[in-house]
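A.B. asks: please find the sequence and the predicted model below.
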Amino acid sequence: MTLKDLGWNAAFAKEFAPFRAQGWKPARLLRDNKISYGALLGDGEELEVIMSGKVYHDAATDADLPAVGDWVALDVGGEGEESVIRARLTRQTCLSRKAPGRSTEEQVIAANVDIVVVVTDASTDFSLRRMERYFAIIGRSGAKAVVLVNKSDLCTPKENQAAAEAIRELNSHADVHITTAVRGRSLSVLKPYLQRGVSLTLIGSSGVGKSSVINQLLGDEYQWTDEVNELTGKGRHTTTARELMILPTGGILIDNPGIREVHMWTDETTLRERFADISELASQCQFHDCKHGTDRGCAIRPALEQGKLDAGRFAGFLKLDEEIGELRKNRKKRQMTIERRAKRESHHQARQRHNREHDDW
């Protein structure tokens with residue numbers, strides 16, 4: 001094994017040069033154990049490592065902390081000593097979402113990933129609105145999108161094809177494949193993507209067959225999967241933590257738990273790019289603040305009435321736009337709260353200094 005097998009390239013090497021001069025080694029993070037990390041060196045040695053206080057304090061948010069897939073500068077300890085992450089290299093891609101729940105924080109799903117494979121099916125999991133969300137966060141990450149319409153043996157060929165075509169219409173740049181874990185068909189379509197040093201991650205809801213696909217990629221029953229439910233015909237997804245794995249046939253896999261909440265972590269620019277057709281129509285409205293309802297001169301409403309614009313797609317656009325606006329508002333509130341606390345703390349410290357100086361006098 002070499003660094004190149006782990007995804008190392010010239011850009012990482014250039015950034016790492018100053019760290020190498022200090023005797024530190026490049027390593028890629030395999031897993032996040034909450035208080036420590038698993039890291040892999042270029043010679044294949046795996047180490048349990050910790051993060052330095054400087055790396056922690058220099059991070060503006062949790063998303064800036066090391067994550068699975070990151071390249072780090074590692075100070076390898078001697079016998080009986082801990083190995084310490086001294087720096088995180090700049091991410092070349094970053095797949096992230098809004099953390100689940102009411103949080104306004106960004107949650108990193110996978111760092112430095114080249115290909116994001118969305119696993120869905122043509123039956124109960126199929127949702128074009130969810131696919132729009134996936135495509136939005138993948139587009140922002142900088143990675144290539146690939147979609148597996150999986151468990152095709154549980155649907156008719158017509159249903160599978162209709163689902164695949166609908167997804168292609170959403171994103172013409174995405175590769176869409178109809179697959180099933182039966183007889184290794186999922187593996188055969190993914191093999192061409194798995195070149196040396198290429199990092200791939202799978203995302204998707206629980207129960208769509210991700211674990212079965214991963215077992216095929218790894219060549220054995222790496223993950224235990226529940227027996228298939230007799231009513232739904234589906235097995236339950238069993239992945240519980242993110243982990244980076246080197247595949248025996250080449251390539252790198254970063255596994256993820258099923259994403260049950262696909263809240264946005266993106267910006268208006270990405271949203272407009274994903275919905276360029278709607279933005280173009282909106283630009284033709286008579287008034288720039290048109291609400292696209294009963295407003296005079298609206299270009300959206302006639303397009304909906306004439307079937308030129310899909311009502312579901314427009315509803316999805318409005319919901320994503322609303323979520324981004326709400327996220328922006330919550331982040332602003334949070335920033336104002338942080339600033340108020342910092343100001344109070346500053347005043348408190350100033351009073352303490354004044355009191356100490358007065359007592360000394």
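C.D. replies: Ah, there it is.
A.B. asks: following the helix or strand bottoming out on mean pLDDT in the chain, which helix or strand shows up next?
C.D. replies: Lowest by mean pLDDT, DSSP states H and E among the helices and strands of the chain is helix 268-274, with a mean of 59. Sequence-wise, the next helix or strand downstream of helix 268-274 (DSSP states H and E) is helix 276-282.
A.B. asks: elements contacting that next one?
C.D. replies: For helix 276-282, the packing partners by 3 or more Cβ pairs under 8 Å, 6 or more residues apart in numbering; DSSP states H and E come out as helix 300-305, helix 311-360. Placement of C-beta: from N, CA and C, glycine included.
A.B. asks: okay, and for the protein, where does confidence drop off?
C.D. replies: By pLDDT under 70, the weakly predicted segments of the chain are 98-105, 183-184, 220-242, 256-274, 319-339, 341-342, 345-346, 348, 354, 356-361.
A.B. asks: buried residues in stretch 151-168, which are they?
C.D. replies: 151, 152, 154, 155, 159, 160, 163, 164, 167 (16 or more other Cβ atoms under 10 Å).
A.B. asks: residues contacting the nearest residue to the fourth one once chain neighbours are set aside?
C.D. replies: When you say that, I think you mean residue 155. In space, residue 155 comes closest to residue 122 once its chain neighbours are excluded; the distance is 4.4 Å by Cβ to Cβ, 6 or more residues apart in numbering. Shown in contact with residue 122 (Cβ atoms under 8 Å, 6 or more residues apart in numbering): 149, 151, 152, 155, 159, 160, 162, 163, 164.
A.B. asks: gap between the second one and residue 191?
C.D. replies: Look at residue 151 and residue 191: by Cβ to Cβ, to the nearest Å, they are 19 Å apart.
A.B. asks: got it, and the third one?
C.D. replies: Summarising the geometry, the distance separating residue 152 from residue 191, computed by Cβ to Cβ, is 18 Å.
A.B. asks: ditto for the first one
C.D. replies: In this view, residue 149 and residue 191 are 18 Å apart by Cβ to Cβ.
A.B. asks: have a look at the two and say which one is more surrounded.
C.D. replies: Legend: neighbour count by other Cβ atoms under 10 Å for residue 149 and residue 191, higher for residue 149 (29 against 16).
A.B. asks: which SS state does the more buried one fall under?
C.D. replies: strand (DSSP: H, G, I helix; E, B strand; the rest coil).
A.B. asks: quick one: the strands in the stretch 1-150 of the chain?
C.D. replies: 25-32, 37-41, 46-51, 71-75, 83-88, 94-98, 106-111, 115-121, 144-150 (DSSP state E, counting those that start in this stretch).
A.B. asks: quick check: angle from the longest one to strand 83-88?
C.D. replies: Direction vectors for strand 25-32 and strand 83-88, defined by axes from the mean of the first three to the mean of the last three Cα atoms, to 10 degrees, enclose an angle of 100 degrees.
A.B. asks: tell me the contacts of the nearest residue to residue 126 once chain neighbours are set aside?
C.D. replies: Once flanking residues are discounted, residue 126 sits nearest to residue 163: 5.4 Å by Cβ to Cβ, 6+ apart. By Cβ under 8 Å, 6+ apart, the contact set of residue 163 is 120, 121, 122, 126, 149, 155.
A.B. asks: pull the contacting residues for the first one.
C.D. replies: Contacts here follow Cβ under 8 Å, 6+ apart; on that basis residue 120 touches 126, 127, 130, 131, 147, 148, 149, 150, 163, 204, 205, 208.
A.B. asks: reformat those as JSON lines; add distance to residue 287.
C.D. replies: Below are these laid out as JSON lines (distance: Cβ to Cβ, whole Å):
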{"residue": "126", "distance to residue 287": "37"}
{"residue": "127", "distance to residue 287": "33"}
{"residue": "130", "distance to residue 287": "32"}
{"residue": "131", "distance to residue 287": "32"}
{"residue": "147", "distance to residue 287": "38"}
{"residue": "148", "distance to residue 287": "44"}
{"residue": "149", "distance to residue 287": "41"}
{"residue": "150", "distance to residue 287": "45"}
{"residue": "163", "distance to residue 287": "38"}
{"residue": "204", "distance to residue 287": "41"}
{"residue": "205", "distance to residue 287": "40"}
{"residue": "208", "distance to residue 287": "44"}
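A.B. asks: nearest to residue 255 among these?
C.D. replies: Closest to residue 255 out of the contacts of residue 120 is residue 204 (11.3 Å), distances taken as Cβ to Cβ.
A.B. asks: count of neighbours near that closest one?
C.D. replies: Using other Cβ under 10 Å, the number of residues around residue 204 comes to 25.
A.B. asks: how about residue 147?
C.D. replies: Counted with other Cβ under 10 Å, residue 147 comes out at 27.
A.B. asks: bridged to it, which residues?
C.D. replies: residue 118, residue 176 (DSSP bridges).
A.B. asks: surely it touches residue 178?
C.D. replies: No: using Cβ atoms under 8 Å, residue 147 makes no contact with residue 178, being 9.7 Å away.
A.B. asks: now do the shared contacts for these two.
C.D. replies: Joint contacts of residue 147 and residue 178 (Cβ under 8 Å, 6+ apart) are residue 164.
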